[in-house]
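*Asks:* return atomic coordinates for the entry below.
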Amino acid sequence: MSALTSPTFKRLVQSLKFHKKTLTVAEQCCGGTINASIMANPGTSSVYLGGSVIYNTKRAKGLLLNDSKLHHDLIQSKSNETKEEYIQSKLHWTAKTAVAFCESLDTDFAIAEGGAAGPTFGPKGMNTGFAVIAIAGKDTVNGSVKVLKQKIVHSPTNDREGNMRMFADASAELLMEILDKDKNLSDSSCHSMNDVRHDIVLDRATHLRSEPDKLEALEREAKYIVVKKNEILLQSSNELALLSNDQIATIKNNTNKMTFLGRLSDEDKTPFFGIDLREVDHEDGFLQQMTECHFADTRTNAPLLSPLENSMALQMMAYANWQRRSRYCSLCGASLDLIHAGTAQKCTSCNTMSWPRQDPSMIASISSRCGKRILLARSKRHPPKMHTVLAGFVEAGETFEAAVARETWEETGIRIDEGSVKYVGSQPWPFPQSCMIAFSATADDSQELNIDRNELVDAKWFDREDVIAATKVEGSVMQHDVAKAALESYPHLSLLIPPKKVIARTLIDRWLQEN
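*Replies:* The predicted model follows:
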């Protein structure tokens, strides 16, 4: 069974509550997933006014506000209707339904969803799922209701359960886009990065690093994130804890190193600093004040944060790891002083400057020539059944393409196809100081596997169906307790895969979508 809610819906409900906006829902092929995903979050009653699930279309008039026109448009069909005509009918119906529900229930927003989740489809040529999502809302000028956004979401599969979850999350993301971009809804005083528009990024403001007077002034209005060893401070809702200058007063000292991270790119330009908590004596007193906060492993929890929070968490962890590991000059051995707000170091003897470094590493999805299978491996640190793509460090004087071929051969005994390596993307991974450069490649899957047991516990070629089933599991499955709970809920799974927002999962999802 799919998770009742998801991180996307948690952020949506929080945002609706923060902006004091209300919502209603009319869904068809998602079968109640949207409504349930909203209701599963605490405090939903203040923003959610109820919804409707339209399944048996012939008897759905009562679920459609007793509106004869909405019901007629839902069940209207043509003989030999094409796939395109069927999708067009859903575009028309969801637009009308979203407006009607928003007007009838007098809400700020309404979601209407319609489509086909699978595996039974009507029109010829339609073998995979799709959904049309429409968001209606009140015009902020005259109060009239209109369609604000509409989107067609296509699935690469006909997996009904997986598609219902995918389409539901897409509806939440579409409404979040509206909330994020509406300037009338913005409020810079919020303490959650989930309430910040998605188009806002962190400007590193490098010109301020060498201006201590300006930085000191910024500290009073700044937000602070706190790390300790390989952990980061989170709120009880598992969002990044953003603390005020007063809240970090007891740990703001010379032992606990502070780093200027940058400023938001919005009009308010909120500054952000990070603090590496090294002085254990002050930790208990500090945490007693932070009753709703806790430290959690950054490696497994950062991917579950919003994109901006994830970026800042990895940025601060990279600086903290570098500052801890690089304490002496590589030329003369003298001690180093942190300068430029924690982003550079200077030798106390020979004045040599040094900056953080990232070790280049390759990470690659190796698929069969036919595209139907992918090679995934499990290392010793992974939970049972947790498989991911291959990765390794790039050696001195080695190209990335050569590193992909070498690591694949050394760890699994598989020779990749010459010239098949293609660049996909990159992601900083400061554990301790890597930058993962992602590639895809192909290989003959009839080759015999020869697994390096010093590096891997297992490596296998997995079929599409097995990997698609694994995508249904959400959460930080890189953690052993989370993985154990997932396998208890899904005992039939042949593997687990990394969560979304890490480059390994991006490679796997890209393979699924392309094939």
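
*Asks:* where in this protein is the helix or strand with the lowest mean pLDDT?
*Replies:* helix 283-289 (a mean of 69; mean pLDDT, DSSP states H and E).

*Asks:* so how far is the very next helix or strand once past it from its chain's centroid?
*Replies:* Per DSSP states H and E, helix 283-289 leads on to strand 293-297 as the next helix or strand towards the C-terminus. When distances are taken as CA atoms, centre = their mean, to the nearest Å, strand 293-297 is centred 18 Å away from the chain's centroid.

*Asks:* what's the answer for stretch 354-367, then?
*Replies:* For stretch 354-367, the distance to the chain centre is 20 Å (CA atoms, centre = their mean).

*Asks:* pull out the buried positions in that stretch.
*Replies:* Residues 356, 361-367 are the ones in stretch 354-367 that count as buried (16 or more other CB atoms under 10 Å). In short, each C-beta sits where N, CA and C put it, glycine included.

*Asks:* name the residues that touch stretch 47-63?
*Replies:* With contact meaning CB atoms under 8 Å, 6 or more residues apart in numbering, stretch 47-63 is reached by 13, 16-17, 20-28, 31-32, 34-35, 38-39, 64, 67-68, 71, 74-75, 101, 105, 107, 114.

*Asks:* what comes up buried for that stretch?
*Replies:* 47-48, 51-54, 57, 60-61, 63.

*Asks:* redo those as a markdown table? Include distance to residue 294.
*Replies:* Output for the buried residues of stretch 47-63, formatted as a markdown table (distance: CB to CB, whole Å):
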| residue | distance to residue 294 |
| --- | --- |
| 47 | 27 |
| 48 | 28 |
| 51 | 34 |
| 52 | 39 |
| 53 | 37 |
| 54 | 42 |
| 57 | 47 |
| 60 | 46 |
| 61 | 50 |
| 63 | 43 |
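
*Asks:* make a markdown table out of the residues you listed and add pLDDT and secondary structure.
*Replies:* Shown next, in a markdown table, are the buried residues of stretch 47-63 (pLDDT from 0 to 100; DSSP: H, G, I helix; E, B strand; the rest coil):
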| residue | pLDDT | secondary structure |
| --- | --- | --- |
| 47 | 93 | coil |
| 48 | 95 | strand |
| 51 | 95 | strand |
| 52 | 95 | strand |
| 53 | 95 | strand |
| 54 | 93 | coil |
| 57 | 84 | helix |
| 60 | 90 | coil |
| 61 | 91 | helix |
| 63 | 93 | helix |
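
*Asks:* neighbours of residue 332, how many?
*Replies:* Neighbours of residue 332 under the rule other CB atoms under 10 Å: 12.

*Asks:* restricted to helices, list the contacts of stretch 47-63.
*Replies:* The members of the contacts of stretch 47-63 that map onto helices under DSSP state H are 13, 16-17, 34-35, 38-39, 68, 71, 74-75, 101, 105.

*Asks:* now for these: which two are most distant?
*Replies:* The largest distance within the ones in helices among the contacts of stretch 47-63, taken as CB to CB, falls between 17 and 75 and amounts to 36.5 Å.

*Asks:* of these two, who's got more company?
*Replies:* Taking neighbours as other CB under 10 Å, residue 17 and residue 75 compare with residue 17 leading, 17 against 12.

*Asks:* wait, the more buried one sits on residue 43?
*Replies:* Yes - between residue 17 and residue 43 there is a contact at 6.1 Å, judged by CB atoms under 8 Å.

*Asks:* pLDDT below threshold where in this structure?
*Replies:* Counting by pLDDT under 70, the ranges of the chain that qualify are 1-3, 77-80, 121, 140-141, 181-199, 236-237, 280-285, 515.

*Asks:* before we move on, back to that, relative to residue 430, which of the ones in helices among the contacts of stretch 47-63 is nearest.
*Replies:* Closest approach to residue 430 among the ones in helices among the contacts of stretch 47-63 (CB to CB): residue 13, at 31.4 Å.

*Asks:* so how far is residue 352 from that closest one?
*Replies:* From residue 13 across to residue 352, the span is 52 Å (CB to CB, to the nearest Å).

*Asks:* same question, residue 289
*Replies:* 40 Å.
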